[in-house]
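S.K.: sequence and predicted structure are below.
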Protein chains: 2
Amino acid sequence: MANIRPLSGTAPPQSDGNGNPIYNEVLLSLPAGECKDLFSKLEFVRLKVHHVLHEPGDFLKSVYFGNSGMVSILTVFSDGKSVEVGLVGKEGFVGLPLLVGFHTAFTRAVSQIDATAFRVDAETLMALLPHCPTLDRRLRQYSQIATMQVTQVAACNRLHEVHERLARWLLMCSDRVSSNELPLTQEFLGQMLGTRRSSVTVAAGILQQAGTITTSRGDVKIVDRRKLEGAACDCYAIMQRQVREWQNGSRHA
Amino acid sequence: MANIRPLSGTAPPQSDGNGNPIYNEVLLSLPAGECKDLFSKLEFVRLKVHHVLHEPGDFLKSVYFGNSGMVSILTVFSDGKSVEVGLVGKEGFVGLPLLVGFHTAFTRAVSQIDATAFRVDAETLMALLPHCPTLDRRLRQYSQIATMQVTQVAACNRLHEVHERLARWLLMCSDRVSSNELPLTQEFLGQMLGTRRSSVTVAAGILQQAGTITTSRGDVKIVDRRKLEGAACDCYAIMQRQVREWQNGSRHA
DNA sequence: CAATCTCTGTACGCTTGCGCACATTGCATC
DNA sequence: GATGCAATGTGCGCAAGCGTACAGAGATTG
């Protein structure tokens, strides 16, 4: 309930040294005194649509704290097929493996929508962790939340149908970008859902028919959010609850 | 190459206080002096076939280090359908969320095959971690490996066919129990693969036709491992490599 | 040995989704 | 406003897999 929604508020609660507003909820949750060190090390970066942060096999050297927009984490196969396995918005960060000292990416990370993030060198961040217990705990807990999400997606991918998964995805995306209007092509949605573009067309048609969304060229609008939640599989509610509970601290935050 | 395969060796390298042989590779990888404390806290447990360690929503209080046999991690839905999202053998442990202080299970953990494990109270383990840096690092790295596996499985579940996934699963299972003979019913395989029992029959038929396995009532034998690897999707090789590289220490172990 | 139960093979109709292809429509650029 | 491109709607044949049901084969128990 006390959920942080700065984008819809008036003035952002904090900003980094250069006046860039901080929306990332991990960063905002840090105790004022404890980790101010970190803020000076953050580099504000703008990520254009479809900007690739890393490909499988790449050497990872930076962590990206999501600040606005959204980054998708994909598994890609050698035949070019891909499926999304995770979404990162302002609630988390990109670069999970770095936290345990792994420097090789095994996924593709690509920005959906225009996004902004705070980048920090992995070495720098790791060096700070011993002095920033809250940050350390939050990062590790987010890793676990991300794992729980992948786990749910793994099952969802197997057992639920395209239009249910599309509805879920639109909702999750909307939550992260704080908007009901999503600039997305069906081709791209197909890559996220691991299905054909034309299957997305059909699925979107079903949702539109039900009066939950409207679509036009490269654009999806959520018109009845409640109804869209009904069209999505339970996975949406489950994953949303997991993040919420964590953010509200009911899990030993 | 220096991979530990104690089950096929003569004498196990170590045992706990009560003479139970230790095969778990995390435990075996600990420096001799550093974490002997832990060994006295371990409780040796035998897990019968299909024993449920925890259901979604359960309060978690123990970590289980796999020692022999195998434990499956499943996502289950309210309609009773389930899919396996992770396998734990002697390379890892059950209870990932505990490492970051989460005490609520969100999956089902169930032992395949008769299994043994070392159980330790979460509080006890967590209290030891500050004094056992190697253990701490290994546990966290295994968490990451497990996440990488779920990630691969999420994509595999979406894009690969039943007989490919079945082949992959049999190989992964065989690796963990160190046997080519697997006492498994098709009904159970269906729950693992998130498919019908009769689809398993068909898939097993394909694999048997190709001369890779033989099946009889409640039993699958791998007769041509190399060929079975060819029948499996790439996911098997990918996941196997991830674990191997970690165990061989090429990832900053 | 008979009865019973479990596991497996198989079949049938049906739905979903794939692969492919082609027409159409909206947007941008000249 | 003509041209070109990207995005979308649609159609068709086909394969995979689902839900269901039933028969046979193997194990177990009395």
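M.R.: Arrived safely. Please read these numbers as outputs of a predicted model, since none were measured by experiment. Numbers count the residues shown, from 1 in each chain, chains lettered A, B, ... in the order given.

S.K.: helices and strands around the strand or helix carrying A:Glu123, which ones?
M.R.: Assigned by DSSP states H and E, A:Glu123 falls within helix A:122-128. Using 3 or more CB pairs under 8 Å, 6 or more residues apart in numbering or on different chains; DSSP states H and E, the elements in contact with helix A:122-128 are helix A:36-41, strand A:62-76. (Each C-beta comes from the backbone N, C-alpha and C, glycine too.)

S.K.: how far is it from where the chain is centred?
M.R.: Relative to its chain's centre, helix A:122-128 lies at 22 Å (CA atoms, centre = their mean, to the nearest Å).

S.K.: what about it, average pLDDT?
M.R.: For helix A:122-128, mean pLDDT rounds to 95.

S.K.: what's the following helix or strand after it?
M.R.: Past helix A:122-128, further along toward the C-terminus, the next helix or strand under DSSP H and E is helix A:133-159.

S.K.: for that next one, which positions count as buried?
M.R.: Neighbour-count burial for helix A:133-159 flags A:135-136, A:138-159 (criterion: 16 or more other CB atoms under 10 Å in any protein chain shown).

S.K.: that helix and DNA strand C in contact?
M.R.: No - contact of helix A:133-159 with DNA strand C (CB under 7 Å from any atom of the strand) is absent, the minimum separation being 10.0 Å.

S.K.: now that helix against strand B:62-76, angle please.
M.R.: Interaxial angle of helix A:133-159 relative to strand B:62-76 (axes from the mean of the first three to the mean of the last three CA atoms, to 10 degrees): 40 degrees.

S.K.: near DNA strand D at all, helix A:133-159?
M.R.: No - Helix A:133-159 lies apart from DNA strand D when judged by CB under 7 Å from any atom of the strand; the minimum separation is 7.7 Å.

S.K.: which elements pack onto that helix?
M.R.: Secondary structure elements in contact with helix A:133-159, counted by 3+ CB pairs under 8 Å, 6+ apart, are helix A:25-28, strand A:82-88, helix A:162-177, helix A:234-247, strand B:62-76, strand B:82-88, helix B:133-159.

S.K.: among the ones you listed, which is nearest A:His54?
M.R.: Closest to A:His54 of these is strand A:82-88 (CB to CB; 12.5 Å).

S.K.: helix B:133-159 and the closest one, what's the angle between them?
M.R.: Per the same axes, to 10 degrees, the angle that strand A:82-88 makes with helix B:133-159 is 130 degrees.

S.K.: quick check: chain neighbours aside, which residue is closest to A:Ala117?
M.R.: Counting by CB to CB, 6 or more residues apart in numbering or on different chains, the nearest residue to A:Ala117 once its immediate chain neighbours are dropped is A:Tyr64, at 4.3 Å.

S.K.: now do the one you found against A:Ser40, distance only.
M.R.: With the distance defined as CB to CB, to the nearest Å, A:Tyr64 ends up 17 Å from A:Ser40.

S.K.: tell me the most buried of the helices and strands packed on helix A:122-128?
M.R.: Each of the helices and strands packed on helix A:122-128 was scored by mean neighbour count; the highest is strand A:62-76, a mean of 23, by mean count of other CB atoms under 10 Å in any protein chain shown.

S.K.: which helices and strands does that strand pack with?
M.R.: The helices and strands touching strand A:62-76, judged by 3+ CB pairs under 8 Å, 6+ apart, are strand A:43-47, strand A:82-88, strand A:93-94, strand A:108-121, helix A:122-128, helix A:162-177, helix A:186-193, helix B:133-159.

S.K.: sheet partners, orientation included, of it?
M.R.: Applying DSSP bridges to the sheet, strand A:62-76 is found paired with strand A:82-88 (antiparallel), strand A:93-94 (antiparallel), strand A:108-121 (antiparallel).

S.K.: out of the helices and strands packed on helix A:122-128, which is closest to DNA strand C?
M.R.: strand A:62-76 (14.8 Å; CB to the nearest atom of the strand).

S.K.: relative to strand A:43-47, how tilted is the closest one?
M.R.: 30 degrees.

S.K.: show me which residues of chain A are close to DNA strand D?
M.R.: Selection of chain A residues close to DNA strand D by CB under 7 Å from any atom of the strand yields A:185-187, A:197-198, A:201-202, A:204-205, A:215-219.

S.K.: and the buried ones among those, selectable in PyMOL?
M.R.: For the buried members of those, the matching PyMOL selection, counting by 16+ other CB under 10 Å, is:
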select buried, chain A and resi 186+204+215
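
S.K.: ok, A:Glu55 - how many residues close by?
M.R.: When neighbours are defined as other CB atoms under 10 Å in any protein chain shown, A:Glu55 has 14 of them.

S.K.: check A:Asn20 too.
M.R.: A:Asn20: 17 surrounding residues under other CB under 10 Å.

S.K.: so who does it touch?
M.R.: Residues touching A:Asn20, when contacts are defined by CB atoms under 8 Å, 6 or more residues apart in numbering or on different chains, comprise A:44, A:67, A:116, A:118.

S.K.: now the residues you listed: which count as buried?
M.R.: Neighbour counting with 16+ other CB under 10 Å marks A:44, A:67, A:116, A:118 as buried within the contacts of A:Asn20.

S.K.: my read: A:Val71 touches A:Thr116, true?
M.R.: No - assessed by CB atoms under 8 Å, A:Val71 is found out of contact with A:Thr116, at 10.6 Å.

S.K.: now do the buried residues in the helix holding A:Glu123.
M.R.: For helix A:122-128, by 16+ other CB under 10 Å, it's A:122, A:125, A:128.

S.K.: just put the buried ones among the contacts of A:Asn20 in TSV and tack on pLDDT.
M.R.: Conversion of the buried ones among the contacts of A:Asn20 to TSV gives the following (pLDDT from 0 to 100):
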residue	pLDDT
A:Phe44	96
A:Asn67	95
A:Thr116	94
A:Phe118	96
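
S.K.: and chain A, which residues reach chain B?
M.R.: Along chain A, the residues adjacent to chain B under the rule CB under 8 Å from any CB of the partner chain are A:75, A:77-78, A:81-83, A:85-86, A:96-97, A:99-104, A:106-107, A:137, A:140-141, A:143-144, A:146-148, A:150-155, A:157-159, A:194, A:234, A:242, A:251-252.

S.K.: need the overlap of contacts for A:Val71 and A:Thr116.
M.R.: Taking CB under 8 Å, 6+ apart as the criterion, A:Val71 and A:Thr116 both touch A:Leu47.

S.K.: of all the strands paired with strand A:62-76, which one comes closest to A:Gly17?
M.R.: With CB to CB as the measure, strand A:108-121 is the member of the strands paired with strand A:62-76 nearest A:Gly17 (11.1 Å).

S.K.: helix or strand with the lowest mean pLDDT in chain A?
M.R.: Here the helix or strand of chain A ranked lowest by mean pLDDT, DSSP states H and E is helix A:36-41, holding a mean of 86.

S.K.: got the CA positions of that helix in CSV?
M.R.: Output of helix A:36-41 as CSV, limited to C-alpha atoms (Å, rounded to 0.1, in the frame of the first residue of the first chain):
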residue,chain,number,x,y,z
LYS,A,36,25.5,7.8,-0.2
ASP,A,37,28.9,6.6,-1.4
LEU,A,38,27.1,4.6,-4.1
PHE,A,39,25.3,7.6,-5.6
SER,A,40,28.5,9.4,-6.7
LYS,A,41,29.5,6.2,-8.5
